[in-house]
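*Asks:* below: sequence and its predicted model.
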Amino acid sequence: MPVVHSFDPPDRFVPGTVGEPGSRTFFLQARSGAQLTSVSLEKQQVQILGERIAELLDELIATAEPRDTVPAVTPVSMIDNDPLEQPIEEEFRAGTITLSWDADDERVVVEVFPVAEVEIEVPVEAAEQELIDLPIEEPEPDELLLVRMTAAMARAFAARAESVVAAGRAPCPLCGGPLDPEGHLCPRANGYRRSA
């Protein structure tokens with residue numbers, strides 16, 4: 001039976017970072033009263049989760065059934081630009097993240113599962129073939145983060161995720177790659193070093 005870090009609803013659920021641009025560590029942090037859970041994840045996971053939450057909320061607004069509970073923009077009272085709460089103790093590293101809408105409770109549901117390492121034993125005769133189609137049984141996770149939040153909190157999460165991702169290194173105007181303070185070797189400039 002996995003340990004479930006459950007927040008229904010959380011007092012706070014935000015993405016955030018620790019470190020300088022270029023070497024930041026990304027976290028999801030949920031708090032309810034004295035319960036605080038921090039999960040590390042990749043920048044792309046923060047970006048995609050924020051985008052998918054915004055898309056889900058926009059789809060809910062566009063449905064024929066009017067929903068007063070789904071805001072089109074982040075309510076001013078929900079804007080949260082405060083840093084992550086200290087101390088940050090990583091519970092686990094995020095692997096799979098699921099997103100759904102609970103229509104009965106009108107809640108956005110986010111489930112974050114840890115990275116699962118699965119060992120696959122390949123029979124010798126199967127390894128000699130080009131295509132291997134073996135069933136993979138994923139182990140039950142040791143723990144997971146479950147957050148059930150209002151649509152307004154989800155909209156605020158999506159806006160913060162976008163700003164957290166954008167707060168990194170500036171992109172190179174030629175190749176789009178991140179510019180370090182000392183510049184970078186730009187493939188579009190034939191290897192010449194571009195400065196920030």
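*Replies:* Done, it's in.

*Asks:* output the below-cut-off pLDDT ranges for this structure.
*Replies:* 64, 66-67, 117-139, 191-196 (pLDDT under 70).

*Asks:* for it, what's the longest strand?
*Replies:* Using DSSP state E to define each element, the chain has its longest strand at strand 90-102.

*Asks:* elements contacting that one?
*Replies:* strand 35-41, helix 43-62, strand 107-114, strand 143-149 (3 or more C-beta pairs under 8 Å, 6 or more residues apart in numbering; DSSP states H and E). To be clear about C-beta, it is placed using only N, CA and C from the backbone, and glycine gets the same treatment.

*Asks:* what is the third one packed up against?
*Replies:* Other helices and strands packing on strand 107-114, by 3+ C-beta pairs under 8 Å, 6+ apart, are helix 43-62, strand 90-102, strand 143-149, helix 151-166.

*Asks:* how distant is whichever helix or strand comes after the last one from the center of its chain?
*Replies:* Sequence-wise, the next helix or strand beyond helix 151-166 is strand 184-185, with elements assigned using DSSP states H and E. Averaging C-alpha coordinates over strand 184-185 and over its chain gives two centres that are 28 Å apart (C-alpha atoms, centre = their mean, to the nearest Å).
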